[in-house]
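Asks: give me the fold of what follows.
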Amino acid sequence: MGAFETLRKKIRTDEGRIYYGISWMDQNGDIIYKAAVNELENGEAEKFGWESFTIRKGTYISEVVADFMKNISGVRETFMRLLKVPHLDTNGYWVEIYFDQKDVRCMVTLGPLKSKDYY
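Replies: Sure, this is the predicted structure:
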């Protein structure tokens, strides 16, 4: 929450903004977490001294946590469930998309299907 509050204090408006939480595991097994917001104009990230980041294109599995502020642990529980998918991309992202003031879409990257994944 602190990372998102920092973003909100620096940007000029929430209008037209989409907030993201982006996580992945590094080579040491540590989880890296970034709070992000879409740019409204090119170069906006650099203007604030922030790094620019593009979420890789790919296939994701997702689930929505409705009214997440009333169920903060539901976000973690949803990711724990999604991370048990058998053909997960171990080099992929775990993405939160806060698409309105109360709901969040939790997404994890899928890897290519192997023949054993077909039914």
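Asks: what about Leu88, neighbour count?
Replies: 16 (other CB atoms under 10 Å). Where you see a C-beta, it was placed from the backbone N, CA and C, and this is true even at glycine.
Asks: distance of it relative to Ala66?
Replies: Leu88 sits 24 Å away from Ala66, going by CB to CB, to the nearest Å.
Asks: if we ignore the residues flanking it in sequence, what's nearest Asp103?
Replies: The shortest distance from Asp103 to any non-neighbouring residue, by CB to CB, 6 or more residues apart in numbering, is to Ala66 (5.3 Å).
Asks: run a quick neighbour tally on Glu46.
Replies: Glu46, neighbours per other CB under 10 Å, totals 11.
Asks: would you check that it makes contact with Ser52?
Replies: Yes. The pair Glu46 / Ser52 is scored as a contact, 6.9 Å apart, by CB atoms under 8 Å.
Asks: avg pLDDT for the helix of greatest length in the chain?
Replies: Ranked by number of residues, the top helix in the chain under DSSP state H is helix 72-82. Mean pLDDT, helix 72-82: 93.
Asks: how far off centre is it?
Replies: 12 Å (CA atoms, centre = their mean, to the nearest Å).
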